[in-house]
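next input, structure requested:
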Amino acid sequence: MTTHRGTSSWRETRLTEMLGLRLPVVLGPFGGLSSVSLTAAVSNAGGLGSFGLYGYDAERIRQTAEQLRESTDQPFNLNLWLDHDSASALAPTDAEFAAWLEPMLPYFRELDVAPPSKPDHFLPTVEEQLDAVIEARPAVVSFVFGVPSPDMLDRCRSAGIRTVGTATTVAEAVALDAAGIDAIVASGFEAGGHRISFLSSAEDSLMGLFSLLPQVVDAVGVPVIAAGGIADGRGIAAALTLGADAAVLGTAFLTTDESAISPGHRERILSPDSARTVLTRVYSGRLARGIPNRMFAELSEQTSRLAPFPAQNWLSGQFKPAAIARQNTDLMALWAGQAAPLAHSGSASALMQTLEAETAALLD
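Now for the predicted structure:
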């Protein structure tokens, strides 16, 4: 097992050397909540900025990559969701779609939004997305919900792109390592947003980071990145001491000035409400962690009627803009991790400076 206390500077790890980073800090890739300005700010401050491409078609990926290139000349990461359980092929009948829509209709009526018709598809294919990512040539492409195919990894290598996979169990980390991934994120169940398990159900793959991380470090040969419940320099120092080569921070950056979340979402994270987060499938059809609200309470009573992923995520997304416009945080997913009470407002660059100072005070 590799630890960093008492060796060379904590800033120098296998991951920072691999990617040319100044700091072993990685921005969480928020699927649907990423912003170019936040991604660039973290990269410009010496960390690895990440941008989640959930739901993006090829043209939108190209535009995003161009904007990132204009905002930073430092390495950044583009994140893709693999087609776990053939999610992109979900094709309900008209009757099935109508049944899935039924429990959501009260929210469309409350927000004065016309109920949607069944779409041709709920998600673009990962193959279409990967073509655009390869064309964009980021320093890193990260994957969640599975192991990238040998062809995907070969294409990334040929383009000079480093690959990162994400594991919630030791078995998943071993599978990613065997596939030839360049680095692995060990994601504890404290993390906000979706649980990205793929070998067993998410409910059967709930490991806390302090249990998961050292076991993954011992089980694989590639750099390991710690994620879940890290929001300050103490968390970074703990992760590095347990053998991680970098730490992912998500919720801590959601409340920065550059974040793309709505004002209401930011206020709820910064309020006492964030002391309680729950794991639920009601917002998207997949298990995810967020701050509970009225929609959570109401839909939790009728889970058998809700759509599977990605249809449930698509349906709730159809009225989300209206909920944001009205600052109605009871009718939107409020993704946040268990370390949310440690989050503060301010700029991303200021947060990066604070993280470096706090970590240095413990490890230098």
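
how much space separates the closest residue to residue 354 other than its chain neighbours from residue 38?
Leaving out its chain neighbours, the residue that sits closest to residue 354 by Cβ to Cβ, 6 or more residues apart in numbering is residue 233, at 7.3 Å. (Glycine included, C-beta is placed from N, CA and C.) Using Cβ to Cβ, to the nearest Å, we find residue 233 at a distance of 19 Å from residue 38.

same question, residue 68
Here the distance between residue 68 and residue 38 works out to 11 Å (Cβ to Cβ).

those two: which has the busier surroundings?
Using other Cβ atoms under 10 Å as the criterion, residue 68 and residue 38 rank with residue 38 on top: 25 against 21.

any chance you could map the strands in this structure?
Under the criterion DSSP state E, the chain contains strands at 25-27, 49-52, 76-81, 140-144, 162-167, 183-187, 193-194, 224-227, 246-249, 278-280, 288-290.

which residues touch the closest residue to residue 99 other than its chain neighbours?
Once flanking residues are discounted, residue 99 sits nearest to residue 305: 7.1 Å by Cβ to Cβ, 6+ apart. Taking Cβ atoms under 8 Å, 6 or more residues apart in numbering as the contact definition, residue 305 lies against 99-100, 102-103.

ok, how many other residues are close to the residue nearest to residue 354?
The number of residues near residue 233, taken as other Cβ under 10 Å, comes to 20.

surely it touches residue 364?
No: in terms of Cβ atoms under 8 Å, residue 233 does not count as a neighbour of residue 364; the distance is 11.0 Å.

any idea how far residue 187 is from the residue nearest to residue 354?
Following Cβ to Cβ, the distance that separates residue 233 from residue 187 is 20 Å.

rewinding a little: which one of the strands of the chain lies nearest to residue 62?
Evaluated over the strands of the chain, closeness to residue 62 peaks at strand 76-81, with 11.2 Å, by Cβ to Cβ.

what sits up against that closest one?
26-27, 29, 31, 39-40, 43, 48-54, 61, 64-65, 68, 126, 129-130, 133, 136, 138-145, 164.

do the same with stretch 323-330
111, 262-265, 267-268, 293-295, 331-332.

same check on stretch 340-355?
Stretch 340-355 is contacted from outside by 23, 25, 38, 41-42, 44-47, 192, 231-233, 236, 249, 251-258, 266, 269-270, 272, 274-275, 277, 291, using Cβ under 8 Å, 6+ apart.
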